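**Student:** I would like the atomic coordinates for the input below:
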Amino acid sequence: MSAQLTTPPTAVSDPILEVDGLTMRFGGLLAVDSVSFTARRGDITALIGPNGAGKTTVFNCITGFYRPTAGALRLHRAEAGVAELQRLKDHRIARAGVARTFQNIRLFPGMTALENLLVAQHVVLNAATGFGIGALLGLGGYRRAEAAAVERAAAWLRATGLIERADDPAGALPYGAQRRLEIARAMCTGPALLCLDEPAAGLNPRESEELAALLRAIRDGSAAEGAAATSVLLIEHDMGIVMGISDHVIVLDHGKKIADGTPEAVRNDRHVIAAYLGEEEAE
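**Tutor:** Below is the predicted model:
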């Protein structure tokens with residue numbers, strides 16, 4: 001039986017993401033079974049569960065890597081209305097305001113840290129160039145867009161403690177720095193929702209603390225100069241980080257939602273405890 005932990009009615013009045021009856025099948029395998037939850041604007045929402053619970057499959061549906069078998073994924077954008085993500089192709093989802101990182105880092109290792117952040121802004125830069133013509137002719141509109149892109153990239157390099165490594169190849173950075181750079185790259189797209197797939201994986205305790213501080217600052221809009229407050233949805237196995245920074249936690253097990261509520265409520269829920277300990281629940 002699923003535990004339905006409730007949140008105050010006012011807390012769900014301003015959603016950033018609604019997941020409604022999300023189902024994903026791979027042939028005969030039911031990976032996600034009619035999962036529903038709401039991530040609220042201005043929150044850090046964590047999606048947790050044992051290995052194989054379906055967390056990454058949910059992420060891949062939200063970010064367009066998979067087309068769901070059934071269900072709806074609604075992104076509530078402040079000025080542009082509601083985007084039905086399940087109907088969009090992956091690049092359209094990014095343009096709608098969803099950015100993500102990956103469990104396995106996917107930077108451009110041969111490019112510098114700065115260049116990685118400029119690549120993330122290619123849509124704006126391409127539009128400013130007239131798809132190349134403005135850059136070739138050195139038109140003012142392109143020069144202004146390029147300067148703004150460099151300024152935004154520098155702001156996120158400062159926010160992630162990487163400004164001194166701006167000209168270093170991304171592949172030469174320490175592991176923890178690469179993790180931060182990937183988050184900075186995602187933030188350079190100006191997302192409404194930042195999706196992080198195990199951002200603390202492989203980090204030492206000090207780096208994990210720095211990550212937690214960075215994510216709080218991203219949520220609050222204080223991470224980088226000119227940055228807006230950004231809602232965060234993350235998958236994470238480090239329960240110290242999850243319970244320390246999350247406003248809202250959803251727990252999956254075997255493709256189903258088993259709990260949904262505050263970190264304190266989820267931590268003490270018997271269904272969650274049983275799932276993580278691998279115990280059968282008493283009827």
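
**Student:** where along this protein do the helices fall?
**Tutor:** 55-62, 90-96, 113-119, 122-129, 133-137, 140-159, 175-187, 205-220, 239-245, 263-267, 270-277 (DSSP state H).

**Student:** what helices or strands is the third one leaning on?
**Tutor:** Using 3 or more CB pairs under 8 Å, 6 or more residues apart in numbering; DSSP states H and E as the contact criterion, the neighbours of helix 113-119 among helices and strands are helix 140-159, helix 175-187. For glycine as for every other residue, the C-beta is placed from the backbone atoms N, C-alpha and C.

**Student:** in that helix, what counts as buried?
**Tutor:** 113, 114, 115, 116, 117, 118, 119 (16 or more other CB atoms under 10 Å).

**Student:** tell me the most buried of the helices and strands packed on helix 113-119?
**Tutor:** Highest mean neighbour count of the helices and strands packed on helix 113-119: helix 175-187, a mean of 22 (counted as mean count of other CB atoms under 10 Å).

**Student:** C-alpha coordinates for it, PDB please?
**Tutor:** Extracted in PDB, the C-alpha atoms of helix 175-187 (Å, rounded to 0.1, in the frame of the first residue of the first chain):
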ATOM      1  CA  TYR A 175      36.300  15.500 -10.900                       C
ATOM      2  CA  GLY A 176      34.400  17.700  -8.400                       C
ATOM      3  CA  ALA A 177      35.100  20.800 -10.600                       C
ATOM      4  CA  GLN A 178      33.700  19.000 -13.600                       C
ATOM      5  CA  ARG A 179      30.600  18.300 -11.600                       C
ATOM      6  CA  ARG A 180      30.200  22.000 -10.800                       C
ATOM      7  CA  LEU A 181      31.000  23.000 -14.400                       C
ATOM      8  CA  GLU A 182      28.200  20.800 -15.700                       C
ATOM      9  CA  ILE A 183      25.800  22.500 -13.400                       C
ATOM     10  CA  ALA A 184      27.100  25.900 -14.500                       C
ATOM     11  CA  ARG A 185      26.600  24.900 -18.100                       C
ATOM     12  CA  ALA A 186      23.000  23.900 -17.500                       C
ATOM     13  CA  MET A 187      22.300  27.200 -15.700                       C
END
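
**Student:** now tell me what touches that helix from outside.
**Tutor:** 99-102, 105-107, 113, 116-117, 119-120, 153, 156-157, 159-162, 165, 170-171, 173, 194, 196, 199, 202-204, 207, 210-211, 214, 218, 223-224, 227, 230 (CB atoms under 8 Å, 6 or more residues apart in numbering).

**Student:** give me the buried subset of those.
**Tutor:** For these, buried by 16+ other CB under 10 Å: 99-102, 105, 107, 113, 116-117, 119-120, 153, 156-157, 159-160, 162, 165, 170, 173, 194, 196, 199, 203, 207, 210-211, 214, 218, 223-224, 227, 230.

**Student:** among the helices of the chain, which gets the worst mean confidence?
**Tutor:** The stretch with the lowest mean pLDDT among these is helix 133-137, at a mean of 56.

**Student:** out of the buried residues of helix 113-119, what pair is the most spread apart?
**Tutor:** Greatest spatial distance among these (CB to CB): 113 and 119, at 11.1 Å.

**Student:** any chance of the buried residues of helix 113-119 in TSV with distance to residue 93 as columns?
**Tutor:** Output for the buried residues of helix 113-119, formatted as TSV (distance: CB to CB, whole Å):
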residue	distance to residue 93
113	26
114	26
115	24
116	21
117	20
118	21
119	18
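
**Student:** ok, so of these, who is nearest residue 49?
**Tutor:** Closest approach between the buried residues of helix 113-119 and residue 49, by CB to CB: residue 116, at 31.1 Å.
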